[in-house]
Each structure stands twice: as structure tokens, then as C-alpha cells.
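Q: model the following, please.
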Amino acid sequence: MKKRPRYSLDPPKVLVAGFALIIILGAFLLTLPIATTSGKGLLWLDALFTSTSATCVTGLVVVDTGTTFTMFGQLVILSLIQIGGLGFMTFATLFAFLLGKRISLKERLLLQEALNNLSVEGIVRLVKRILIFTIVIELIGAILLATRFAFDMPLPRAIYYGIFHSVSNFNNAGFDLMGEFRSLTGYVEDPLVTLVVCMLITLGGIGFIVMNEVYEYRQTRRFSLHTKVVFLTSSLLVVLGTVIIFLFEFNNPKTLQPLSMSGKFLGSLFQAVTPRTAGSNTLNIPDLTQPTLFLIIILMFIGASSGSTGGGIKTTTLATLLGAVWSQIKGREDVVFFKRRIPYDTIYKALTVTLSGLLLVMTVTMLLTITEPG
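A: Just a heads-up that it's a prediction; the model follows:
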């Protein structure tokens, strides 16, 4: 008798399937009467959209999170954000740790793919550190935000708001509980809220591989090429974004003009950091000028860094493409960063990711112009 062929999914397909199951489960929970303040639950389409947005940490909403959902519904969204930001394989590994199970080679390969790590060696140790980094950063962010929110609301609510917004922004999700789709516009001139949230977004966006190298720097005294490129590209995007938004919005009576000089800087800084897939805002987005909105589109497309809680084509992809263009202008065959040659397959991969992203954006934009006229 012939043996039946064995079908097995490769790591990318397993990850896609896992995220799809989490989205469907989250959507189901949001349709339950207990999830909404109306006691009727969300419509399935709205629930699916919200669950997808939370799991994929995009921050897009069709209903106001703070007023539509009960605490149960908000905690479902917060759980989806945390799972989506860190990856469900990271959480599966956490449960394996708690149960004392050994991590198999197949699970290590899945973790390698999920975290965009170069090798499977040391992947379990990296996951442990990711969990520690996440708990420590989110806890510090929650304490700082709760301390500030306590001046505006009762302490229990301030603590809850601090935890929610810390988790949401560290995972670059952008969901908020402020109500009426206000996001953090009420804190545009508040240095504590602005800087803490910017730091949470940045730490979540640079990637866990970079965090781990920073942690190990005292022993290794070196950074990899990946970390150097992430630091350089991310810093340039934040600085240039802040300066350009400051100039574009300086005389806009609906955004920066009424603010103090420090408020103008904080508003510009926040709007330069948050488009990198976070989704929070301290300036009212519809009131921004057209040049600023176009810049934000570019920043959103670039996104965060590899192995992070954010999306986009990634900062390393942008750097690779710009390096290739510069090499062509200079008439050089090789792309070199920090005296290191970039392999051609990396350049081809960066080109593929960017073109695929552009084609997807153009296609969906065309569809939206058809289905959403006016």
C-alpha cells in the first residue's frame, strides 16, 4: 500500500494561520453582549475589523474604543494588541515555559521566522528576554502615564488607563480610551505624556533584536550592522520628520499656531514618531496641511524596524534601497554600510518587499475610490 502524502505547513504559513485564528476568535468575543456598553455586541463586520486592527496593531477603528466597549471588550482588544505585537508564537513559548515543556526544533524554527532572526541559535533565550523587556518597559510606561492621568481622573481609572495606553503604544497599536476619537489630543503640550508615549512607540519600533544587543553591549562591546542601520535610519526619520512637520504646521491655526513654542516642538515630535505604525495622535489629523499628510503617508509606509511590534516595509529595507541608489549614482557595484558589503539577495528582498507594498497600496486605494466615492 502506498503511504499517504504528509502535508505540513512551512513556518510562514503557520504564522499566517495562527494570526487568522486569533483574529476570528477576537471578533467572536467582540460580538458577545458582554463586550459592548449597549449590551448587544458588535456587528460581525465591525468586530472583524476591530479584531484585525488590534491583532495587526494598526490602530484603525470603526467605533470609539473608550465609549463602545465594556471593560471586558477593552481587555479583549488589549489582549489582541499584546499577542499581535509580540507574536502568538512568543505567547505559545511563554505557556510552554510555564508548563515546563521543552521547545522543539519546529517551534524554534517558527520563532526564528516570527522574530526575523538570522539563526535558530539562542532563539529561546531571546524569547525569554523579549518577555522580560516587554514587562519592564510596559510597567514603567504604565506607572508614568498613570501618575499623570491621576491628576485628571480617579486613581483606579488612571491606573487602568496607564496600563492600557502603555501596552497599546509599546505595541504600536494606537488604540485609546479617551473617548470621541480624541486620542491624546488633550495632552499635546504635556511633556510627560508626549515623551513617555514617544519612548514607548520608539522602543517597540526598533525591534527586540536591537534591544537585546543594547542589553548585551557591556559584554560584547559591539553592535551588529542591523542595529547600526536601525539606529541611524530611525534617528534620521524622527529628526527630519519633526523639523518638516514643524515647518509645515507652524502657521496652521488649527494645529501648531495656537501652541507655545515648547508645545509646537512636542506636537511636531509626536506626529513624527507616531506615523511609524503607532496610530496615536496629539494633533487633529484632518486639520493637518496636505504636505504634512503626504509626509505622514510616507512615514507610515516605511514603518518600524525588523523584529519589532510595528509594521511597514521596515527601516532596514528603506536604508538598503537608498544605499543601492547611492551606489548606482556613484557608479559602484557594491552597496556598503559601515564598511560592510550588503549581499545582493538582501537588496533583491528589499526591492521585492517595497514593490509588493506599493502595488498593494495602489490596488487597495483604487478599490477604495470605487467602493467609497466622495
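
Q: so residue 178: helix, strand or coil?
A: Classification of residue 178 using DSSP: H, G, I helix; E, B strand; the rest coil returns coil.

Q: wait, doesn't it sit right on residue 184?
A: Yes. In this structure, residue 178 is within contact of residue 184 by Cβ atoms under 8 Å, at 6.8 Å. The way it works is simple: take the backbone N, C-alpha and C, and place the C-beta from them, glycine included.

Q: between those two, which one's more packed in?
A: Using other Cβ atoms under 10 Å, the more surrounded residue of residue 178 and residue 184 is residue 184, with 21 against 18.

Q: residues in contact with the more buried one?
A: Residue 184 is in contact with 165, 176, 178, 193-194, 197, 270, 280-282, counting by Cβ atoms under 8 Å, 6 or more residues apart in numbering.

Q: let's go with 6 Å and repeat that
A: Going by Cβ atoms under 6 Å, 6 or more residues apart in numbering, residue 184 touches 280, 282.

Q: how far away is it from residue 141?
A: 13 Å (Cβ to Cβ, to the nearest Å).

Q: now swap in residue 162 and tell me
A: 8 Å.

Q: I'd like the distance between residue 79 and residue 173.
A: 12 Å.

Q: who has more neighbours, those two?
A: Shown here are residue 79 and residue 173; by other Cβ under 10 Å, residue 173 has more neighbours (33 against 17).

Q: now the more buried one, what's its secondary structure?
A: Secondary structure, three-state DSSP: residue 173 is coil.

Q: need the pLDDT of the residue nearest to residue 249 when sequence neighbours are not counted.
A: Leaving aside its chain neighbours, residue 249 sits nearest to residue 256 (4.3 Å; criterion: Cβ to Cβ, 6 or more residues apart in numbering). In this model, residue 256 is scored at 95, pLDDT.

Q: what's the neighbour count on residue 256?
A: 27.

Q: same check, this time on residue 176
A: 24.

Q: for residue 212, see how far away it is.
A: Here residue 176 is placed at a distance of 29 Å from residue 212 (Cβ to Cβ).

Q: just residue 140 next, same as before
A: 18 Å.

Q: surely residue 23 meets residue 55?
A: Yes. Counting by Cβ atoms under 6 Å, residue 23 touches residue 55, with 5.0 Å between them.

Q: the two - which one has more neighbours?
A: When neighbours are counted by other Cβ under 10 Å, residue 23 and residue 55 differ, and residue 55 comes out ahead with 26 against 21.

Q: so which elements touch the one helix or strand residue 142 maps to?
A: According to DSSP states H and E, residue 142 maps onto helix 123-149. With contacts taken as 3 or more Cβ pairs under 6 Å, 6 or more residues apart in numbering; DSSP states H and E, helix 123-149 sits against helix 88-99, helix 105-115, helix 155-170, helix 191-206, helix 208-220.

Q: what's the burial count for residue 287?
A: Look at residue 287: counted by other Cβ under 10 Å, it has 13 neighbours.

Q: which residue packs closest to it, ignoring adjacent ones?
A: Spatial nearest neighbour of residue 287, chain neighbours left out: residue 254 (3.7 Å); criterion: Cβ to Cβ, 6+ apart.
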